[in-house]
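Q: Structure of the sequence below:
(chains A and B)
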Amino acid sequence: MAPDASNLDAGLGPLPPSPNGVREYDLTIAETTLRLDGRNARATTINGTLPGPILRFREGEQAVIRVHNTLSEDTSIHWHGIILPPEMDGVPGLSFPGIRPGETFEYRFSVNQAGTYWYHSHSGLQEQLGHYGALIIEPAERSGPACDREHVLVLSDWTFENPYRVLSQLKKQPDAYNYQRRTVADFFRDVARDGLGATVGDRWMWAGMRMNPTDIADVTGATYCYLLNGQVAEAPWVAQFAPGERVLLRIINAAAGSYFDVRVPGLPMTVVQVSGQPVEPIETDEFRIAIAETYDVIVQVPDGRAYAVYAEAMDRSGFTAATLAPQPGMVANLPPRRKRPLLTMADMGMDHSAMGGEGMDHSSMGHETPPSAPSGRVPSTAATDEHAGHDMGAMDLASSRRAPGSLPTETAHGPDTHGVGNAMVPVSTKSRLAEPGVGLGEDGRRVLLYSQLRSVAPYPEFRAPTREIEVHLTGNMERFTWAIDGVPYDRAAPIDLTFGERVRLTMVNDTMMNHPMHLHGMWMELENGQGDRSPRIHTINVKPAERVSLLVTADAPGRWAFHCHVLYHMEVGMFREVRVSAPTGHEGHHDAA
Amino acid sequence: MPRERGVKRAVIALHLAIALCGAGRAASAQVRDSVPHAGTHGMGWGRETFVLTEVLEYDPSGGERPMLFDVLAWTGGASRRLWFKADGSAATVERATHGEYQLLYGRMLSPWWDLQLGARADLRTAPGANATRAGAVVGLQGLAPGWFELEPSLFVTSGGNLSFDLTASYDLFLTQRVVLQPRLESTVALKDDEAFGIGRGLSSTSFALRTRFEIRREFAPYVGVVWERGYGRSAELARLAGESAGNSLLVAGLRLWR
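A: Got it, this is the predicted structure:
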């Protein structure tokens, strides 16, 4: 990316045709010193830039990508959201051994889809150091909503600390980067507003559970600077437009540890693509982009003023921005920053209507809702309550007969509390796809909801699943342990799928953090109440105490990764292998396991 | 200079703590080794080594025991750790030192609690009256509801004395960087141990209020007040030794971790 802010980026030009339908790229992974936020940064770059080059293909082409490793350690590239053979997926230990120092690996796969995707290292913590870029695939034939210009916006986070030190700090003091804790001053302010009893009750509820309502992000603006196309908001990347144009913004969250809330102050956005897949256009003012998600939005710029694309970190500890401008040298007004939000009892699975907890007002996010002597059970800890939710322990039998594409019903947590180290199990979990998420939806802006997403057409073979796989996202912030079903990757057995079977993958978040879960190799159809128009996605954000279900057709034999895309959660074990059996020629038989 | 010698002793004790920690790291083979490498992701938690100097302080008013230290270290994984603890004081006036050193194996009991088992040695030096005692210790360490850090432990000496120690502390965030920490330490003994000035029953308490400024999370200078008091037979022993049974200290120190 050209760091010169006086240069306007004109956007993506027409894609030249490829000879014989084969498009080749050479990517060199190297340690490079760059200027970032006015300082020298030692980054791991692809072809010398951060982010790496925009790789463009046309649907139907053959991709040939040679990756040269000049690092002194192994590397890899994973093509995020691309359906391809398992040996080309780029996950060391699952797809291939990785790319050794000094070696070149040639990726070859056919590109059978279109949309906005990205690529990144799947080795160690290299992704935090700049090892990522955009992957844009034109449809075979021009389709979708018309636009006059296209820009690619890669959001990310950068720290001048060694990422291994960041992880080490988190293991030693999990709130080391949280400078937005509730203080004594907050206590007195709340006493003045809510009264002493309510404030003490609220503090005790959180402290009694040893949970922190300001724990929105592990790594924050205390060490991160937030980037948009490798630039900070103070010296932003500038995208050109001509007044009156419809501009397509292809937005990618390539951050290692940051969610962003994105808006273009003063202009509505029309969301047309999610996870690279077209959705029925939805007009909105703001959307949350979880780590590893991609969203395409169209903005129509009516005049010749400069506009900001403003991306605020979910915990409000920082932001980044780009400028949309018709001419060089223009500066967009940035909106004021918002106060950090607080988690609510809903994030502990405590306000769910059917399960008790009456008379609690949770409408006021960021308002530090005092508890009113919960009549429902308090979320139990694994240590103190072996029988959490035992009375409702039997799985909701109806859920397996649920219509495909419908929302999961509220379900009490079963008796399994996921081992001695797991900090919490919610009383009950339910769909939260129609909720904007922590810190959003309180200021009158329209916020995109997962429940609104509707595929432009039904996907082929949209059918009911033959079995359900339920996984629980677990963890303990105080020890910085993150796992699935309480078991980290190094001690876990793979999730086995039979080739051809259709499963309902239900994820239950038993933690108080958001987790962006990504499945490699196969699409997930998000059951968001839209029936056969359920959108197809590669990454799903699972909110605290949420139950979300996705339909997966096991059509890709091989070994695939399934993991949380918070880099540090993945690194400590929030990861699974998903193993799809080889075709037997007898795919009609599905083991109900 | 006796004062310098006392300072030197405290520094040596600190170095010893760190060195033992390093040795512990090498010896601890219980945790699956997953040294960071750029290979496979998500191998697990790996091994970490943490050293916290919760208390490293000096009483500039120059009372009997101007240097106080309390160091805690662990090495290991998320659920099994080798712990080292050093808690004590170094006087300058009478060249007297007192230190309690523990080497413990800890296992996760619950999300917030570790059970610890190991050995403890107490060393006391004073002019013409050096003393040592050692024994086994079993303790808990963790976070109680309300964010209270608690550290109760039982100590059985080879001489058959039994004592119960409790340390409790709480971090109160005055601002995002200024933290007020009340901290209570107390000892209850089954029998007298005159060499250590310990009388049976509630032997001693120490209550401190320290206010630290976290320049960085891991580097925080502080000022504080410490009230120490002996009771009953312990107070008597202190008076016999020509010391006062109670002390208040105005201290300045550093809280460090890495």
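
Q: got any ranges where chain B has weak pLDDT?
A: Across chain B, the ranges flagged by pLDDT under 70 are B:1-42, B:62-65.

Q: That one: helices as residue ranges?
A: Here chain B has its helices, by DSSP state H, at B:2-27, B:232-240.

Q: Summarise which helices and strands the shortest one is packed against.
A: The contact analysis (3 or more CB pairs under 8 Å, 6 or more residues apart in numbering or on different chains; DSSP states H and E) places helix B:232-240 against strand B:201-213, strand B:219-230. In short, each C-beta sits where N, CA and C put it, glycine included.

Q: Could you check how far the last one is from the centre of its chain?
A: In terms of CA atoms, centre = their mean, to the nearest Å, the centre of strand B:219-230 is set 13 Å apart from its chain centre.

Q: Residue numbers of the stretch 101-250 of chain B in contact with chain A?
A: B:108-113, B:143, B:145-147, B:172-177, B:217-218 (CB under 8 Å from any CB of the partner chain).

Q: List only buried entries from the residues you listed.
A: Applying 16 or more other CB atoms under 10 Å in any protein chain shown to those, the neighbour count classes B:108-113, B:143, B:147, B:173, B:217-218 as buried.

Q: need those in CSV with distance to B:Ser204, can you?
A: CSV is the format used below for these (distance: CB to CB, whole Å):
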residue, distance to B:Ser204
B:Met108, 31
B:Leu109, 28
B:Ser110, 30
B:Pro111, 32
B:Trp112, 28
B:Trp113, 26
B:Leu143, 25
B:Trp147, 26
B:Phe173, 30
B:Arg217, 32
B:Glu218, 31
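
Q: Mark which of these are part of strands, please.
A: B:108-110, B:113, B:143, B:173 (DSSP state E).

Q: from what I can see, A:Ala346 looks like it's in a helix, true?
A: Yes - when DSSP: H, G, I helix; E, B strand; the rest coil is applied, A:Ala346 is found to be in a helix.

Q: Neighbours of it, how many?
A: 23 (other CB atoms under 10 Å in any protein chain shown).

Q: cool, A:His122 as well?
A: Around A:His122 there are 29 residues (other CB under 10 Å).

Q: confidence score at it?
A: A:His122 is assigned a predicted lDDT (pLDDT) of 97.

Q: if you skip the residues just before and after it, what's nearest to it?
A: Using CB to CB, 6 or more residues apart in numbering or on different chains and skipping residues adjacent in sequence, the residue nearest A:His122 is A:His78, 4.2 Å away.

Q: about what we covered before: want to throw the helices and strands packed on helix B:232-240 into TSV with mean neighbour count?
A: Below are the helices and strands packed on helix B:232-240 laid out as TSV (neighbours: other CB atoms under 10 Å in any protein chain shown):
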stretch	mean neighbour count
strand B:201-213	18
strand B:219-230	18
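
Q: Show me which residues of the stretch 201-350 of chain A sit near chain B.
A: A:204, A:207-210.

Q: now, the most widely separated pair of these?
A: Spatially, the most separated pair among these is A:Trp204 and A:Arg210, at 11.6 Å (CB to CB).

Q: mind checking how far A:Glu435 is from chain B?
A: For A:Glu435, the distance to chain B equals 27 Å [CB to the nearest CB, to the nearest Å].

Q: Helix, strand or coil: sort out that residue for me.
A: coil.

Q: ok, now how distant is it from A:Asn514?
A: 12 Å (CB to CB, to the nearest Å).

Q: Looking only at neighbour counts, state which of those two leads.
A: Shown here are A:Glu435 and A:Asn514; by other CB under 10 Å, A:Asn514 has more neighbours (24 against 18).

Q: now what about stretch A:447-459, what contacts it?
A: For stretch A:447-459, the surrounding residues in contact (CB atoms under 8 Å, 6 or more residues apart in numbering or on different chains) are A:271, A:274, A:277-280, A:282, A:284-288, A:407, A:433-437, A:440-441, A:523, A:525-526, A:528-530, A:532-536, A:540-541.

Q: So which bits of it are buried?
A: A:447-456, A:459.

Q: of those, closest to A:Pro426?
A: Once CB to CB is applied, the member of those that ends up nearest A:Pro426 is A:Tyr450, at 19.0 Å.

Q: about what we covered before: spit out the contact partners of the residue nearest to A:His122.
A: A:89-91, A:119-122, A:520.

Q: Filter these down to the ones in strands?
A: A:119-120.

Q: For the contacts of A:His78, give me a markdown table that also has distance to A:Gly197.
A: Output for those, formatted as a markdown table (distance: CB to CB, whole Å):
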| residue | distance to A:Gly197 |
| --- | --- |
| A:Asp89 | 56 |
| A:Gly90 | 56 |
| A:Val91 | 53 |
| A:Tyr119 | 54 |
| A:His120 | 50 |
| A:Ser121 | 52 |
| A:His122 | 51 |
| A:His520 | 51 |
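
Q: Tell me which two in the contacts of A:His78 are the farthest apart.
A: A:Ser121 and A:His520 (14.3 Å).

Q: mind putting the helices and strands packed on helix B:232-240 in a markdown table, distance to A:Ala242 included?
A: Shown next, in a markdown table, are these (distance: least, CB to CB, whole Å):
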| stretch | distance to A:Ala242 |
| --- | --- |
| strand B:201-213 | 54 |
| strand B:219-230 | 53 |
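
Q: between the ones you listed, which one is nearest to A:Ala493?
A: Comparing the helices and strands packed on helix B:232-240 by CB to CB, strand B:219-230 comes nearest, at 43.5 Å.

Q: How about the backbone phi and psi for the closest residue to B:Leu162 other than its chain neighbours?
A: Closest residue to B:Leu162 apart from its sequence neighbours, by CB to CB, 6+ apart: B:Leu190 at 4.2 Å. Per-residue torsions, B:Leu190: phi -80, psi -40 (degrees, to the nearest 10).

Q: Might one say that B:Leu190 is in contact with B:Ser163?
A: Yes - at 6.7 Å, B:Leu190 counts as touching B:Ser163 under the criterion of CB atoms under 8 Å.

Q: These two - which one has more neighbours?
A: The residue with more neighbours, out of B:Leu190 and B:Ser163, is B:Ser163; 22 against 13, by other CB under 10 Å.

Q: Surely that one and B:Ala189 touch.
A: Yes - counting by CB under 8 Å, B:Ser163 does reach B:Ala189; the two are 4.2 Å apart.

Q: Check the contact lists of the two and give me the overlap.
A: B:198, B:203.

Q: on that earlier part again, for the ones in strands among the buried ones among the residues of the stretch 101-250 of chain B next to chain A, which one is nearest A:Pro236?
A: B:Phe173 (34.1 Å).

Q: in the stretch 1-150 of chain B, which spans are strands?
A: Assignment of strands within the stretch 1-150 of chain B using DSSP state E, counting those that start in this stretch yields the ranges B:48-58, B:67-76, B:80-90, B:97-110, B:113-125, B:131-144, B:148-157.

Q: Quick one: low-confidence residue ranges for the stretch 301-450 of chain A.
A: In the stretch 301-450 of chain A, residues with pLDDT under 70: A:351-400.

Q: helix/strand/coil for A:Ala192?
A: A:Ala192 - assigned by three-state DSSP - is helix.

Q: Let me know the angle separating the longest helix belonging to chain A from strand B:131-144.
A: Taking DSSP H as the criterion, chain A has its longest helix at helix A:196-208. Helix A:196-208 and strand B:131-144 meet at an angle of 120 degrees, taking axes from the mean of the first three to the mean of the last three CA atoms, to 10 degrees as the criterion.

Q: Now do the buried residues in helix A:196-208.
A: A:198-199, A:201-203, A:205-207.

Q: Check which element follows the worst-scoring helix or strand of chain A on mean pLDDT along the chain.
A: The least trusted helix or strand in chain A, going by mean pLDDT, DSSP states H and E, turns out to be helix A:397-400, with a mean of 49. Next along the chain after helix A:397-400, taking DSSP states H and E as the criterion, comes strand A:411-412.
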